[in-house]
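**Student:** build me a structure from this.
(2 chains)
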Amino acid sequence: MKTLLRLIRWVRIFVAIRRIRKATSAQTEKTAKQTLSKLMAANRGISMKVGQVMAGMEDSNDFVNLTSSIEPWPLKHIIPLLESHWQTSIDTHLIHIEESQAAASLGQVHLAQLQDKQYVAIKVQYPDIAKAMHSEISMINLMPSVGPVKKWGFDLDAYKNNLHENMQRELNYDIEMQHQITFASKCQVEGLHIPKVYPLLSGKNILVQERVEGVRLQATTSWSLMERLQLGRTLMSTLFQSLFSTGLVHGDPHPGNLLYQRTKSQPIVHLLDYGCVIKVKQERRLALLKLILSLRGECQQSILDAFVALGFNEKKLICIQSQLSPLAFVLFQPFLEKKACQLQDWHPAQEIESVLGEQKWWFRAAGPADLFLLMRAFQGLIQQLKTLNVQLPWWPLLTQSLPKEMISQAAYLDIPTVAHNLENETYENVRYLKVKIEKEGAEKQHFSFDAIAALHLEILIPEHVATELKKTHIDIVSISTKLRQQGLEKKILFDLTIKNNHYCAWVE
Amino acid sequence: MHYVISLEHQVKNPELAAQFFIDTLGFYQTGKDGYPFFLENGSLSVNLVQGESHDLTLTLQCSDVEKDCLVLLKDPDVHLLQEITQTDHRIHCALQCNHGIRLILNKILNEDDLDILLPLPSSLAWDEKTDLNIRRILRMVPLGFRKSARQRITDKAEYDSVEQGSLMVNESLAMQTMVAITPAFQIRALMEVMNDEGIDSSLYIDASSIED
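**Tutor:** All right, here's what the predicted structure looks like:
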């Protein structure tokens, strides 16, 4: 019954999302967003997580409610959970404990004071949340492959697995505590404070940590320029050091997880909630650094090979190989400028659109599933810097966040050359592979790729189309094989109509 | 889209009006067939046609409104319509001429005319005195290059400052940057301006290395 109710809530959420998409006036959109925000909050669990993602990193929009104003459970329901975990009365450990002021997606936080007078924040997981999450994850597993996911061949299973693994980690506060301890010991950034945890009082469903004082990002906008610059530097250095040097990135930088505090010496950033931490292996970190170094002209590196080393799908990238270089310059622009980066003038989404057009989806589909979380960490940083209204140069702050030897280590990193790297080969007479699929006279899909993509038709042509073609004895794998043997020239690869559907591919 | 635009002006006597355009405003006749009174001065084309006279107002961007006004008033057909007036951002006056032509002589005032020091396009915090000194020193840069010089010194000083671990641009770094972005032939002038501003230029410029 509970599962059914949650399913109904999910359906209502999707309806609300549809309303937002189809809203014709700002007022309707606002109302729909507020409705969606309430529905997501009511559902807690994954829907609330999704809501937090939709809230983005801005600290002033309709989804912010999700991070600040959801009705928490009363203390009387929480005390038995604490006593059960501690196997003793709460008075043994606590002088006092307060009602929670705000609920979160998987649990809620109570401020308290320990018997040794230390002030702490106790995060308690909702007792039924793990079960509810399992049923929601099962529902997500039923998610069909439709829309851009199907059209551009996203590896949906990888995304589902990634979500599943993250949720499992987030449900286990022991893991979160370990991440917090590791982060605190490895990420040493001026102005950054990571609350101390109390392992002996914590467990799988309870996390006791030092209580910190501070305000949310929006409140810092009136602080002095120097204070805001210091905060900006701390935020940037934290992400750079954690990504490149430590390999452990805080993956949930929504406004509720950062508190800012004024002190006499310099302002402090308190970074909270280590439930979603992204681990990045050293070879990927060095490859990313080498890619940036090569874009800065400080070393030589094939862009394709570097992206593949970052976890991108090699065959998919080859199809848009000629656009990878301009794309990389757009993506990494803040690291390339020899001045304070003016984020208000940097519009990567529009610039990616102008470089790739519709193929931006192809690029995204080529990316590894965990890239979404890393992108989110950067998105969070950019939003924070925009809210602080500070502009800083990125490259010096990145280099200062790394151990000295890391730059040369990256510059001399030997990134494997991918088997199909054809960067040095040119085809003088052909430029594009065009694929057109029409359903009952209407143009449904029209792709344009580098001509080289014709050598890999099997990854370009949607599976259901390939199956249809096979029925008429057109085998796209053999077409590609033949092209590889004979070379590329202007020609029609196939052009046929099956049951009112027209399929055509040609090299031009 | 780019169009070459010409202005058509109706006058009673195109021949006399053309003479005025040529003698007083420096236009020349292009002499195209079928367009005997087609005139231009490099930035504006005027086609004079015969008809009922209409009013035409031309705004002349001048570097010296007073001087140009006096020159134009020497023409007996030109009369002062409005005295020279200065507002916050411009100096202007109006003249009435024959053939329905009214001239506005205009000058947009620049930072030097207004005797102001424009702010640096800064992102970091700057030491107050340093900020003022750099803005003063920048006055040595010819006006046409000053905006770009202002941007360059700000960008470089801020980048170098962060590279050295500071979020505040101090005098030493700002002056080093100023020297770095100044062309060799202007270094001596820079040295003098620095000294005039009470900055010890010898800390940043080796006088013996300056070429004559």
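**Student:** okay, and A:Arg228 sits in which element?
**Tutor:** Using DSSP states H and E, A:Arg228 falls within helix A:225-240.
**Student:** C-terminal to that helix, what's the next element?
**Tutor:** Counting by DSSP H and E, the next helix or strand C-terminal to helix A:225-240 is strand A:248-250.
**Student:** residues contacting whichever helix or strand comes after that next one, please?
**Tutor:** Remark: after strand A:248-250, the chain's next helix or strand is strand A:258-261, criterion DSSP H and E. Strand A:258-261 has contacts (Cβ atoms under 8 Å, 6 or more residues apart in numbering or on different chains) with A:212-217, A:219-220, A:231, A:235, A:267-272, A:384. Where you see a C-beta, it was placed from the backbone N, CA and C, and this is true even at glycine.
**Student:** report all helices and strands that the strand or helix carrying A:Phe378 contacts.
**Tutor:** Assigned by DSSP H and E, A:Phe378 belongs to helix A:371-388. Judged by 3 or more Cβ pairs under 8 Å, 6 or more residues apart in numbering or on different chains; DSSP states H and E, helix A:371-388 is in contact with helix A:156-170, helix A:225-240, strand A:248-250, strand A:277-279.
**Student:** what angle sits between it and helix A:156-170?
**Tutor:** Put simply, helix A:371-388 runs at 60 degrees to helix A:156-170, going by axes from the mean of the first three to the mean of the last three Cα atoms, to 10 degrees.
**Student:** interface residues of chain B facing chain A?
**Tutor:** With Cβ under 8 Å from any Cβ of the partner chain as the criterion, chain B meets chain A at residues B:123-125, B:155-156, B:158-159, B:162-163, B:165, B:167-168.
**Student:** list the buried residues in stretch A:71-84.
**Tutor:** Within stretch A:71-84, the residues that qualify as buried are A:72-73, A:75, A:78-79, A:81-82, counting by 16 or more other Cβ atoms under 10 Å in any protein chain shown.
**Student:** just the closest of those residues to chain B, please.
**Tutor:** Ranked by distance to chain B (Cβ to the nearest Cβ), the buried residues of stretch A:71-84 are led by A:Pro72 at 39.2 Å.
**Student:** and that closest one, what is it in contact with?
**Tutor:** A:99-103, A:108.
**Student:** where does chain B have low pLDDT?
**Tutor:** Low-confidence segments of chain B (pLDDT under 70): B:31-33, B:211-212.
**Student:** care to break it down by domain?
**Tutor:** B:6-110, B:113-209 (automatic domain parsing).
**Student:** and those domains as JSON lines, adding mean neighbour count?
**Tutor:** Shown next, in JSON lines, are the domains of chain B (neighbours: other Cβ atoms under 10 Å in any protein chain shown):
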{"stretch": "domain B:6-110", "mean neighbour count": "15"}
{"stretch": "domain B:113-209", "mean neighbour count": "17"}
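**Student:** save those as JSON lines, and put in distance to A:Ser325 too.
**Tutor:** Putting the domains of chain B into JSON lines (distance: least, Cβ to Cβ, whole Å) gives the following:
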{"stretch": "domain B:6-110", "distance to A:Ser325": "42"}
{"stretch": "domain B:113-209", "distance to A:Ser325": "25"}
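**Student:** just want the angle from the helix or strand containing A:Ala349 to helix A:371-388.
**Tutor:** Under the criterion of DSSP H and E, A:Ala349 resides in helix A:348-356. Orientation check (the same axes, to 10 degrees): helix A:348-356 against helix A:371-388 gives 130 degrees.
**Student:** right, I'll call it a day here.
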